[in-house]
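**Student:** Give the three-dimensional model of this entry:
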Amino acid sequence: MRWFAAFALVSLLLLLGLFALAELLQIPVLTPGNFVLPTEPVPVACAIVGLLVLDVVLPVPSGLVMLAAGHQFGVLVGTSLVCLGALLGAVFAWELGRLGGRRLEKVVTVQERKKITRALNRWGMLFIVVTRPVPLVAEVVLLVAGAAAMSRLRVYTATVVGSVIPAVIFTYSGHLALDQDQALWVLFGTISIAVMFWLIGRKWMRA
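**Tutor:** Sure thing, here's the model as predicted:
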């Protein structure tokens, strides 16, 4: 999991630097608040949902995806899309974890798997809910839940419930980013929150 976490963190930092540079240079294509997205909403919505599903196996900056959802569709529709992406991602992760094998071992160490399994056995759905805002850890928990054959219904329900509050926060922030004066601060704040949760999750995984 270490290489996966390191790659994701580097990706976040590079994206943050890119948007900061775009803001300083006032590059319209890259400046937050001026996302260059297709005028047709359906392809954009599919892209948002698809990226959130791929977040299970790729270091997708889900925070930025949720910002884009709020920017393009507003809080209500954006949150709905994010929750749909989270649900489909949970389906994908559960099935992938259920298959197990070497692919799962590459993402989750034996020690991490045992630790998460114990937490799932003790806290059940609540553990999935509280780990949803934590980058990388959230996806790993779903994979282990599948490997442990935890009830699909419980996993999917907990995923959606745990995704609502982060989705509202990020999509609302994306909606605020329509204001050019607030765009960079919104981006910096939301990514800082994501990094903070990642550090907390990383510390817990290593404890």
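**Student:** Just say helix, strand or coil for residue 162.
**Tutor:** Recorded secondary structure, residue 162: helix (DSSP: H, G, I helix; E, B strand; the rest coil).
**Student:** helix or strand right after the helix or strand bottoming out on mean pLDDT in the chain?
**Tutor:** Among the secondary structure pieces of the chain, namely its helices and strands, helix 2-25 has the lowest mean (mean pLDDT, DSSP states H and E), a mean of 50. Beyond helix 2-25 on the C-terminal side, the first helix or strand identified by DSSP states H and E is helix 41-54.
**Student:** Can you list the buried residues in that following helix?
**Tutor:** Counting neighbours by 16 or more other CB atoms under 10 Å, one finds that the buried residues in helix 41-54 are 44, 45, 47, 48, 49, 51, 52, 53, 54. In short, each C-beta sits where N, CA and C put it, glycine included.
**Student:** Equivalent analysis for stretch 161-169, please.
**Tutor:** For stretch 161-169, the buried set under the neighbour-count rule, 16+ other CB under 10 Å, comprises 161, 162, 163, 164, 166, 167, 168, 169.
**Student:** Stretch 119-131 now?
**Tutor:** Of the residues in stretch 119-131, those buried by neighbour count under the rule 16+ other CB under 10 Å are 119, 120, 124, 125, 127, 128, 129, 131.
**Student:** give me every residue that touches the third one.
**Tutor:** If you count contacts by CB atoms under 8 Å, 6 or more residues apart in numbering, residue 124 has them with residue 154.
**Student:** What residues does residue 156 make contact with?
**Tutor:** 87, 90, 91, 94.
**Student:** about what we covered before: please identify which pair of the buried residues of stretch 161-169 lies farthest apart.
**Tutor:** Among the buried residues of stretch 161-169, the pair separated by the greatest distance (CB to CB) is 161 and 169, at 14.9 Å.
**Student:** Output the longest helix belonging to this protein.
**Tutor:** When secondary structure is assigned using DSSP state H, the longest helix within the chain turns out to be helix 62-99.
**Student:** what helices or strands is that helix leaning on?
**Tutor:** Using 3 or more CB pairs under 8 Å, 6 or more residues apart in numbering; DSSP states H and E, the elements in contact with helix 62-99 are helix 41-54, helix 102-107, helix 137-147, helix 152-176, helix 180-206.
**Student:** what angle separates it from helix 137-147?
**Tutor:** 20 degrees (axes from the mean of the first three to the mean of the last three CA atoms, to 10 degrees).
**Student:** in helix 62-99, what's buried?
**Tutor:** Of the residues in helix 62-99, those buried under the neighbour-count criterion (16+ other CB under 10 Å) are 62-73, 75, 78-94, 96-98.
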